[in-house]
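J.: fold the following for me, if possible:
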Amino acid sequence: MSYAPILTQAQIERIRPVAKPRQVSADEVLYRPNDDTPPVFVVLSGAIRIVAGEERIVTTYRAGQFSGELLIIAGRRSIYRCQVTEAGTLLELSAVNLRVLIGKDAELSEIFMKAFLARRVSLQETGQGNVMVLGSRYSANTLAVREFLTRDGHPFSYIDLDSDATAQEFLDRFGVAISDIPVVICNSALVLRNPSPKQVAEALGFNSRIDDSTVRDLVVVGAGPAGLAAAVYAASEGLDVLVIERAAPGGQAGASSKIENYLGFPAGLSGNDLASRAIAQSEKFGARIMVARAVERLDCGRRPYEVVLDDGEVIFARTVLLATGAEYNRPALANIEAFTGKGVYFSATFMEAQFCASEDVVVIGGGNSAGQAAVFLSQSAATVHLLVRRDGLGDTMSRYLIQRIEENSRIRVHTSTELNALEGDGHLEAVAWIDKISGMVSTHPIRHVFVMAGASPKTGWLSGCVALDNKGFIVTGRELEGGAAPIPWPLRRPPYMLETSIPGVFAVGDARSGNVKRVASAVGEGSIVVSLVHQALAGS
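T.: Just a heads-up that it's a prediction; the model follows:
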C-alpha cells in the first residue's frame with residue numbers, strides 16, 4: 001500500500017473547499033477497523049500511519065500525501081487503523097465530498113482512483129487487512145469463503161491448516177476445533193465458525209450502508225460483466241443504481257483465468273481483474289453494490305416494482321435489469337455434489353490451480369472458457385485432459401485457443417468423450433470417462449476436475465412473471481411477438497429491444513434468449529440498455 005503520490009499546492013487548494021482542516025496530535029487514532037466509512041486525510045504537516053491487523057505497519061503518509069483506498073469509494077467500513085505519528089494539520093475529506101470532488105475534477109479523480117486501486121491490489125497481494133481465514137484445501141466451505149473474499153476484492157490472510165506449522169497455535173488461541181473450519185477471524189476479535197459467504201459479508205458490514213427505503217431508478221440483478229457495464233453507464237448518467245449479487249461480482253467471467261480476446265487488452269486480463277475494475281468504476285459514479293444476497297422473486301404486478309430478497313427484505317425499483325447470467329451445467333453424476341469443492345471445481349483461477357500443481361487434471365467442455373482453463377492449468381499441472389462431447393473443437397472454440405491447445409504437449413484432447421464416474425472418500429481420488437464412439441470406459445487416478453461445459457440460465461425465480469423460452473432464457477424485444485407471456489403486455493407501444501414482457505424490466509447477458517456468449521457482447525448489451533432505461537423512466 002505504498003503508492004503515495006504527492007499533491008501539488010494547486011491541487012491541495014482545489015480540495016480545501018470541500019474538506020475541513022483538522023489539528024492532530026501524536027498518537028491520536030483517526031479511525032479503527034470496523035469503523036464507519038472513514039474520510040480521506042490529506043497531510044498538510046506532520047505524519048499519519050496505516051496499521052493492519054496486530055501492529056503491522058502498512059505505510060506512512062507525510063506532507064502532500066493522502067490516506068484512503070477503495071473502501072471509501074464503496075462506502076464500506078474501515079479495515080485498518082489510521083494513527084497520527086507526528087502532530088500536524090490535516091484536511092479531512094468525507095467520502096461524500098470525495099465523490100463530489102472526483103465527479104467534477106478530472107485530474108484529482110485520476111490521482112485518487114489510481115492510488116486507491118494500487119493500494120487495494122497491494123493489500124490483497126500481501127494479505128494485509130482485517131480478515132484471517134483458517135482452513136483446509138480439502139474443505140469445500142473453505143474454498144467458498146476464499147473465493148467470495150477474493151472475488152469481492154476484500155484483502156485477507158490465509159492459513160492452511162494442512163501445511164502451516166503455526167496453525168494449531170491459532171486454533172488454540174481462538175478456542176476452535178478442526179470441525180469448525182473454515183474459521184474466519186474479523187478485526188482480530190470476531191470469530192466465525194464455518195460461516196457462509198453471506199455471514200462473512202454481514203460480519204464485515206459489506207451491505208450495512210445500503211438504504212432499502214429508497215426507490216431506485218434502476219435495480220440490476222446480477223454483477224457479471226453485463227450488469228456491471230449497465231451500472232457504470234447508468235450511474236455515470238445520474239441514475240440511482242443498486243446492483244444485487246447473490247455471491248460476489250464477476251459472474252462466469254470472474255471464473256476465467258485470462259480473457260485474451262477482449263477489446264483493448266492485448267495481453268489479456270483475468271475475469272476477476274475485469275470485474276474489480278468495473279466495480280470501482282461504477283462505485284466511483286455512485287452506484288451501490290449489494291453482495292451475498294439472493295433475489296427470491298420479483299413482484300411485477302405493481303410499480304414501483306418490488307425486488308424481494310432471500311430474507312424478505314424488499315428493494316423498490318422504477319426499472320429492473322435482469323443480468324443474472326448462467327451457470328455451468330453439472331455432469332449427470334449422482335455423487336457430484338459430494339465432491340464439489342473437494343476435487344470438482346467450476347472456476348479455474350490461481351486459487352484452484354494451487355491445489356493441483358504437478359498433478360493430472362481433467363477439464364470438461366469445448367468452449368472458450370474450457371480452452372482458457374486448459375491452457376492456464378497446463379502451466380502448473382502435469383497433464384490436462386480436455387474432455388469434449390463433440391467430435392472436435394472447431395465449432396465452439398476460438399481459433400487462437402485451438403492452436404495453443406494443439407501445440408501444448410501437456411494438454412491431451414479427448415473428443416466424443418464424457419465423464420462417466422467419480423470416486424473417492426471425502427475428496428475426489430479417481431475419475432472414469434467413456435469414449436462414446438467405442439463405448440470404452442477408462443478409469444484414471446485423477447483428483448481434480450474442472451467443469452466448464454454448457455450453461456443454464458438462473459431464471460427459475462422469474463417463472464410466472466416474465467416470458468421465458470423453452471430452455472428458461474428470458475425473451476426480450478421483437479422475440480416476444482406472437483409468444484405467450486404470463487402477464488399480458490399492458491402498453492400501446494411495443495416492447496423495446498432488450499425489454500422483457502413486463503414494461504420497464506429488461507434483460508441482458510447470458511440469461512437473455514438469443515445472447516452471444518462473449519464478454520464483449522455482455523458488456524455491450526449492458527451499455528446499450530441504459531438508453532432504453534431512460535426511455536422507460538420517461539414514460540415514452
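
J.: how many other residues sit next to Gly365?
T.: 24 (other Cβ atoms under 10 Å). Bear in mind the C-beta positions are built from the backbone N, C-alpha and C, glycine included.

J.: surely it touches Val451?
T.: Yes: counting by Cβ atoms under 8 Å, Gly365 touches Val451, with 7.2 Å between them.

J.: could you pull up phi and psi at Ala326?
T.: Backbone torsions for Ala326, taken as degrees, to the nearest 10, come to phi -140, psi 160.

J.: hmm, Ala455 and it touching each other?
T.: Yes: under the criterion of Cβ under 8 Å, Ala326 makes contact with Ala455 at 3.7 Å.

J.: shared neighbours of these two, anything?
T.: Counting by Cβ atoms under 8 Å, 6 or more residues apart in numbering, the residues touching both Ala326 and Ala455 are 252, 510.

J.: who has more neighbours out of those two?
T.: Per other Cβ under 10 Å, whichever of Ala326 and Ala455 has more neighbours is Ala326, with 22 against 18.

J.: residues in contact with the more buried one?
T.: Contacts of Ala326 (Cβ under 8 Å, 6+ apart): 252, 455-458, 510-511.

J.: could you check how far it is from Met452?
T.: To Met452, Ala326 is 12 Å away according to Cβ to Cβ, to the nearest Å.

J.: can you confirm Glu107 is in a helix?
T.: Yes: under DSSP: H, G, I helix; E, B strand; the rest coil, Glu107 sits within a helix.

J.: the residue lying closest to it once chain neighbours are set aside in helix, strand or coil?
T.: The shortest distance from Glu107 to any non-neighbouring residue, by Cβ to Cβ, 6 or more residues apart in numbering, is to Gln11 (7.2 Å). Under three-state DSSP, Gln11 falls in the helix class.

J.: what do you get for Gly366?
T.: Following three-state DSSP, the label given to Gly366 is coil.

J.: before we move on, what about Arg493?
T.: Arg493 carries the three-state label coil when classified by three-state DSSP.

J.: number of nearby residues for it?
T.: For Arg493, using other Cβ under 10 Å, the count is 10.

J.: and the end-to-end length of stretch 296-307?
T.: The first residue of stretch 296-307 is 8 Å away from its last residue (Cα to Cα, to the nearest Å).

J.: run through who's touching it.
T.: Contacts of stretch 296-307 (Cβ under 8 Å, 6+ apart): 215, 219, 221, 244, 295, 308-310, 314-320, 461-462, 465-466, 487, 502, 504-505.

J.: now the residues you listed: which count as buried?
T.: In those, burial by neighbour count holds for 219, 221, 244, 295, 309, 315-320, 462, 465-466, 502, 504-505, counting by 16 or more other Cβ atoms under 10 Å.

J.: in helices, which of the residues you listed fall?
T.: Among these, none falls in helices (DSSP state H).

J.: narrow those to those in strands?
T.: 219, 221, 244, 295, 309, 315-320, 505 (DSSP state E).

J.: out of the residues you listed, flag the one nearest to Val43.
T.: Ile244 (37.9 Å; Cβ to Cβ).

J.: Val100 against Val18, yeah?
T.: Yes: with contact defined as Cβ under 8 Å, Val100 counts as touching Val18 (6.0 Å).

J.: now for the one helix or strand Val413 maps to, which elements pack on it?
T.: Secondary structure assignment for Val413, by DSSP states H and E: strand 411-414. Applying 3 or more Cβ pairs under 8 Å, 6 or more residues apart in numbering; DSSP states H and E, one finds that strand 411-414 makes contact with strand 383-387.
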